[in-house]
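A.B. asks: I need the structure of the sequence given here:
(chains A and B)
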2 protein chains.
Amino acid sequence: MGRRPGRPAKRVGKKPASPSRTPARSTSSGVRRPSGPKGLGGDQVEGRQAVRELLLAGRRKVREILVAPGSDDELDGPLADLAELAGDLRVPVKVVSRARLDAAARTEAPQGVVAFAAPLPEADLDDLVRPGPDGTPPFLVAVDGVTDPGNLGALLRSAECAGVTGFVLPRHRAVHVTATVTKAAAGAVEHVPIALVGGLPATLERLKQAGLWIVGLDGAGDTPLHALPVAADPVVLVLGAEGSGLSRLVRQRCDVVAAIPLRGRLSSLNVAAAGAIATYEVARARR
Amino acid sequence: MGRRPGRPAKRVGKKPASPSRTPARSTSSGVRRPSGPKGLGGDQVEGRQAVRELLLAGRRKVREILVAPGSDDELDGPLADLAELAGDLRVPVKVVSRARLDAAARTEAPQGVVAFAAPLPEADLDDLVRPGPDGTPPFLVAVDGVTDPGNLGALLRSAECAGVTGFVLPRHRAVHVTATVTKAAAGAVEHVPIALVGGLPATLERLKQAGLWIVGLDGAGDTPLHALPVAADPVVLVLGAEGSGLSRLVRQRCDVVAAIPLRGRLSSLNVAAAGAIATYEVARARR
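C.D. replies: Prediction:
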């Protein structure tokens, strides 16, 4: 399948194009959106890999990092390296007791480190549909109602590794970027631009108008994943919720609904596993 | 790559072949192994999918199931169905308070159901290297030091869905089948035979003698996963630990060490995601 006929990759919506990747929390008109529970979140980051990527990426201000020594009252090697990296970047580091760290943590296993940062910048959908600086066609992932934060974080991590260029998260039908998401994402939230959208069906229509193929992934799909004909084109892969799969309105917007073949007795894959397999299948076709 | 030259698929080791799939906890000499912490585990099963598969598979005795009603004092539909299924199978069902269920549970979110069952039967490595009843060549997964129970469960679930015919778990270098593993595996432990082995390097030698290709998976591998030449042959895929990857002694036994290409900025995939991608890549080549 070649480029979608009669649907050249063009701007989404009617707003004037912003000159470059829109910075955090500003709309195209330059008005700052108020932060709050409706934003993307991501202001608390836990786990060593996630905090390391937060520091290295340097995309957002880090207010403070708490680290806790182990039972021998010493920071272990990787944690000491992390504290040193933060120091080099002039991020305040506070060494606290394990009890104090656990009280501040929102995940079960923060691995001795919690960072407080500016919330994640929201990406603009208009930016996500443009080819990358090297001409890479857009490769987006949208989630339709994924509610488990561990799954969302895992999806983000695999997507980043597969070369996904943007992530689309419905404002009301998905978990936002909690501390559990940042930890499971292991730093992917620092690198993959994430757009928060109102309704996913309307967003998919806009993406279709912008020249993207809409590929749903669902156990009941009629195209085996490995036979996907659209992988090298601009594409958005839509993943359904744990258990219920794609909603009817979303399924209606899909050009193709692909299924991952099940060869055992179980009736479904975990959504994070399905997402990893599917993003890598698209990536394989794009190389 | 064709069949490993000069290494016909033959029995592992020197014991006489057992006539059929060896039953739970008996060795080839017929001596029952004592149950205890050294066994495979799996005697506590939590989560709706996992308990449903436990009941439907009927591979092991289920002693009792606890179910807890929601806040309206009613069992919800899926939980009532589960209780009815258990009743049909003459498994005792006890309706308990949410507090009592949570006290009995070993996972954070048992989804209102905990089952107590006979421990999982250990598979015999000799059986795992034989072709399946329909002539399917063995497709095994071995884990080298995976310690996170959620990851092990997720690996088992994806492996089952990909058609993996057996799983190899080192007795000392991996987590056993805890309640968290059974829940994340969503019933896969009822269908995929699991062998507990002493040392993984020696086991890989035995598998090699039995005609299997040993394929390691590691970020530092020199063969891209999609170029794997051995997928349709008898194969064992060896997955390294979170963080550290394959141990040196295991790597030395591998015929090929494959890597999943990383196209973003992160330096690694989660081991469960890597396992899902790799088992499906092998499955794709075997169809």
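
A.B. asks: quick one: the strands in chain A?
C.D. replies: A:44-46, A:62-67, A:93-95, A:113-117, A:139-144, A:166-170, A:194-197, A:213-217, A:223-224, A:235-240, A:256-259 (DSSP state E).

A.B. asks: which residue is most remote from the mean position of chain A?
C.D. replies: residue A:72 (36.9 Å; CA atoms, centre = their mean).

A.B. asks: contacts only, for that one.
C.D. replies: If you count contacts by CB atoms under 8 Å, 6 or more residues apart in numbering or on different chains, residue A:72 has none. Where you see a C-beta, it was placed from the backbone N, CA and C, and this is true even at glycine.

A.B. asks: need the residues of the stretch 51-200 of chain A near chain B, please.
C.D. replies: A:53, A:57, A:108, A:150, A:154, A:157-158, A:160-164, A:184, A:186-188, A:191-192 (CB under 8 Å from any CB of the partner chain).

A.B. asks: put the buried members of the residues you listed into a PyMOL selection.
C.D. replies: Buried residues among these (16 or more other CB atoms under 10 Å in any protein chain shown), as a PyMOL selection:
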select buried, chain A and resi 53+150+154+157+158+160+161+162+163+164+184+186+187+188+191+192
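
A.B. asks: geometric centre of chain A: which residue is closest?
C.D. replies: For chain A, residue A:156 is the residue whose C-alpha lies nearest the centre (CA atoms, centre = their mean; 4.0 Å).

A.B. asks: wait, that residue touches residue A:193, no?
C.D. replies: No. In this structure residue A:156 lies outside contact range of residue A:193 using CB atoms under 8 Å: 11.2 Å.

A.B. asks: what is in contact with the two at once?
C.D. replies: Common neighbours of residue A:156 and residue A:193 (CB under 8 Å, 6+ apart) are residue A:167.

A.B. asks: which parts of stretch A:193-202 are buried?
C.D. replies: Buried residues in stretch A:193-202 (16+ other CB under 10 Å): A:193-197, A:200-201.

A.B. asks: shaky segments in the stretch 101-250 of chain A?
C.D. replies: A:230-231 (pLDDT under 70).

A.B. asks: can you name the residue of it nearest chain B?
C.D. replies: Nearest residue of the stretch 101-250 of chain A to chain B: residue A:163, at 3.1 Å (CB to the nearest CB).

A.B. asks: and the gap between residue A:68 and residue A:93?
C.D. replies: Distance, residue A:68 to residue A:93, using CB to CB, to the nearest Å: 11 Å.

A.B. asks: show me the contacts for residue A:94.
C.D. replies: So residue A:94 contacts A:64-67 (CB under 8 Å, 6+ apart).

A.B. asks: try 10 Å
C.D. replies: A:64-68, A:83, A:100-101, A:114 (CB atoms under 10 Å, 6 or more residues apart in numbering or on different chains).

A.B. asks: widest-spaced pair of those?
C.D. replies: A:83 and A:100 (15.5 Å; CB to CB).

A.B. asks: which one's more surrounded, the two?
C.D. replies: residue A:83 (18 against 14; other CB atoms under 10 Å in any protein chain shown).

A.B. asks: excluding its backbone neighbours, what's nearest the more buried one?
C.D. replies: Spatially, and ignoring its direct neighbours in sequence, residue A:83 is nearest to residue A:93 (4.9 Å; CB to CB, 6 or more residues apart in numbering or on different chains).

A.B. asks: over to residue A:76?
C.D. replies: In space, residue A:76 is closest to residue A:70, 5.7 Å off (CB to CB, 6+ apart).

A.B. asks: surely that neighbour and residue A:95 touch.
C.D. replies: No. At 11.8 Å, residue A:70 does not count as touching residue A:95 under the criterion of CB atoms under 10 Å.

A.B. asks: which residues are in contact with both of these two?
C.D. replies: Residues touching both residue A:70 and residue A:95 (CB under 10 Å, 6+ apart) are residue A:79.

A.B. asks: pretty sure the residue nearest to the centre of chain A sits against residue A:189.
C.D. replies: Yes. Using CB under 10 Å, residue A:156 is in contact with residue A:189, at 6.0 Å.

A.B. asks: now the common contact residues for the two.
C.D. replies: Counting by CB under 10 Å, 6+ apart, the common neighbours of residue A:156 and residue A:189 are A:167, A:177, A:181-182.

A.B. asks: of those - the most surrounded one?
C.D. replies: Going by other CB under 10 Å, residue A:182 tops these with 32 neighbours.

A.B. asks: for the closest residue to it other than its chain neighbours, give me its contacts.
C.D. replies: Nearest non-adjacent residue to residue A:182, counting by CB to CB, 6+ apart: residue A:45, 4.5 Å away. Applying CB under 10 Å, 6+ apart to residue A:45 gives the contacts A:51-55, A:60, A:62, A:65, A:107, A:110, A:113-117, A:120, A:177, A:179, A:181-183, A:185, A:187, A:189-190.

A.B. asks: what score does residue A:45 have for pLDDT?
C.D. replies: Residue-level confidence at residue A:45 comes out at 97, pLDDT.

A.B. asks: state the distance from it to chain B.
C.D. replies: Distance from residue A:45 to chain B, counting by CB to the nearest CB, to the nearest Å: 14 Å.

A.B. asks: then residue A:264?
C.D. replies: Distance, residue A:264 to chain B, by CB to the nearest CB: 4 Å.

A.B. asks: my guess is the residue of the stretch 101-250 of chain A closest to chain B meets residue B:260, correct?
C.D. replies: No. If you go by CB under 10 Å, residue A:163 and residue B:260 don't touch, sitting 11.8 Å apart.

A.B. asks: okay, and the common contacts of the two?
C.D. replies: Joint contacts of residue A:163 and residue B:260 (CB under 10 Å, 6+ apart) are A:280, A:283.

A.B. asks: most neighbours among the contacts of residue A:94, which one?
C.D. replies: In terms of neighbour count, residue A:114 stands highest of these at 28 neighbours, by other CB under 10 Å.

A.B. asks: nearest spatial neighbour of that residue, skipping sequence neighbours?
C.D. replies: Using CB to CB, 6+ apart, the closest residue to residue A:114 is residue A:66 (4.7 Å).

A.B. asks: likewise residue A:275?
C.D. replies: Per CB to CB, 6+ apart, closest to residue A:275 is residue A:155, 4.4 Å.

A.B. asks: show me what contacts that neighbour?
C.D. replies: Contacts of residue A:155 by CB under 10 Å, 6+ apart are A:141, A:143, A:146, A:148, A:164, A:167, A:181, A:184-185, A:188, A:239, A:271-276, A:279, B:273.

A.B. asks: the same query, at a cut-off of 8 Å, please.
C.D. replies: Contacts of residue A:155 by CB under 8 Å, 6+ apart are A:141, A:143, A:146, A:239, A:271-272, A:275-276.

A.B. asks: and for residue A:175?
C.D. replies: Residue A:175 neighbours (CB under 8 Å, 6+ apart): A:146-149, A:152, A:181.

A.B. asks: report whether the expected contact of residue A:165 with residue A:136 is present.
C.D. replies: Yes. With contact defined as CB under 8 Å, residue A:165 counts as touching residue A:136 (6.4 Å).

A.B. asks: what about those two, which has more around it?
C.D. replies: More crowded of residue A:165 and residue A:136, by other CB under 10 Å: residue A:165, with 23 against 13.

A.B. asks: quick check on the more buried one: phi, psi?
C.D. replies: The phi/psi pair for residue A:165 (degrees, to the nearest 10) reads phi -100, psi -10.

A.B. asks: pull the contacting residues for it.
C.D. replies: Here residue A:165 is in contact with A:128, A:132, A:136, A:138-140, A:192-193 (CB under 8 Å, 6+ apart).

A.B. asks: let's have the residues you listed in TSV, adding distance to residue B:264.
C.D. replies: Listed next are the contacts of residue A:165 as TSV, based on distance: CB to CB, whole Å:
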residue	distance to residue B:264
A:128	15
A:132	12
A:136	12
A:138	15
A:139	11
A:140	14
A:192	7
A:193	12
